[in-house]
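Novice: Sequence plus predicted model, see below.
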Amino acid sequence: MAGELIKAGDVLHIGQRLEVFIDGREERFSSRIEDITDEELIAAMPFDKHRVPVIPRSGELVYMLAVGGSSRYRFLVRFRGVDREGLVAVWRVAKPDTCEKFQDRAFVRVKVSLHTKVRLVDEEGCIEEPVVTQVVDLSGNGICFAWNSPIKVGTQAGLELNEIPGVGTLEVMSEVVRCTPVQRGDGEYVYHIGASFKHLSRSIANKIVRYVFDVQRKIIAKGIRKD
């Protein structure tokens, strides 16, 4: 879900910790803001787990999270090059005009245009017939899908997704953790069912996170181009 847009100058400051994501790489990289000018944000050079400097292509869009208190501020910037600030190797990126505020969660949820096949498990352990429904949002550890009636929290559900790039057919068990009624324009209700994945491998979770990041990056990029 999109958060509040805030002027970058109101929330970004020198010394602030950054988390950096590069398209096509699953690892997140750590950095910090070394300086801020009228046109640029100067960030400490991030290193990968092998202590190799991370250097994007000139002009590449880079997704960043600035950490502040209980919230994070996400933004997309264009990489300009590397430099030095005293003894510190740094990135030079275009200064963002705005940041999007969102609550600090282990996994970011993003609205996606996907469908899932759902098989509910009743209280006797019997598996019901599959129903194909719309996915509302997705994260690395769970999903929210639309349903035409309430589902009791704690209900087990088998899920099948076939539209996540690089994953193929994903079949995973889940547990319903939330059931929220949402009124439609015609006055009828649909239910948004939040479910947590169970026993999902780290490699698959990473692929889902990478897909979610790619969707999120494209959404932010559209907003930047519109501005």
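Specialist: Structure received.
Novice: Show me the beta-bridge partners of the closest residue to residue 153 other than its chain neighbours.
Specialist: Excluding the flanking residues, the one nearest residue 153 by Cβ to Cβ, 6 or more residues apart in numbering is residue 176, at 5.6 Å. (Glycine included, C-beta is placed from N, CA and C.) With DSSP bridges as the criterion, the beta-bridge partners of residue 176 are residue 195.
Novice: Quick check: the gap between residue 176 and residue 131.
Specialist: Summarising the geometry, the distance separating residue 176 from residue 131, computed by Cβ to Cβ, to the nearest Å, is 14 Å.
Novice: of these two, who's got more company?
Specialist: The residue with more neighbours, out of residue 176 and residue 131, is residue 176; 19 against 13, by other Cβ atoms under 10 Å.
Novice: Which of the helices and strands in the chain ranks last by mean pLDDT?
Specialist: Of the helices and strands making up the chain, the lowest-confidence element is helix 202-226, at a mean of 72, by mean pLDDT, DSSP states H and E.
Novice: So, low pLDDT: which residues of this structure?
Specialist: Counting by pLDDT under 70, the chain contains low-confidence ranges at 1-3, 24, 26, 69-70, 102-108, 217, 219-227.
Novice: residue at max distance from the center of it?
Specialist: Among the residues of the chain, the one whose C-alpha is farthest from the average of all C-alpha positions is residue 124, by Cα atoms, centre = their mean at 36.0 Å.
Novice: Next up, the contacts around it.
Specialist: When contacts are counted by Cβ atoms under 8 Å, 6 or more residues apart in numbering, residue 124 touches no other residue.
Novice: got the buried residues for the host helix or strand of residue 134?
Specialist: Following DSSP states H and E, the helix or strand that holds residue 134 is strand 131-138. Residues 133, 135-138 are the ones in strand 131-138 that count as buried (16 or more other Cβ atoms under 10 Å).
Novice: Okay, the residue nearest to residue 153 and residue 116: tell me how far apart.
Specialist: Relative to residue 116, residue 176 is positioned 13 Å away (Cβ to Cβ).
Novice: Now for the closest residue to residue 48 other than its chain neighbours, how many residues are close by?
Specialist: Excluding the flanking residues, the one nearest residue 48 by Cβ to Cβ, 6+ apart is residue 54, at 5.7 Å. For residue 54, the neighbour count with other Cβ under 10 Å is 16.
Novice: Any chance of the backbone angles for residue 54?
Specialist: With angles defined as degrees, to the nearest 10, residue 54 sits at phi -100, psi 120.
Novice: Check the one 3 residues further on too.
Specialist: As for residue 57, its main-chain torsions (degrees, to the nearest 10) stand at phi -70, psi 150.
Novice: show me what contacts it?
Specialist: Neighbour list for residue 57: residue 79 [criterion: Cβ under 8 Å, 6+ apart].
Novice: repeat that with 10 Å
Specialist: Listed by Cβ atoms under 10 Å, 6 or more residues apart in numbering, the contact partners of residue 57 are 22, 79.
Novice: Let me know the distance separating it from residue 162.
Specialist: Counting by Cβ to Cβ - residue 57 and residue 162 are separated by 32 Å.
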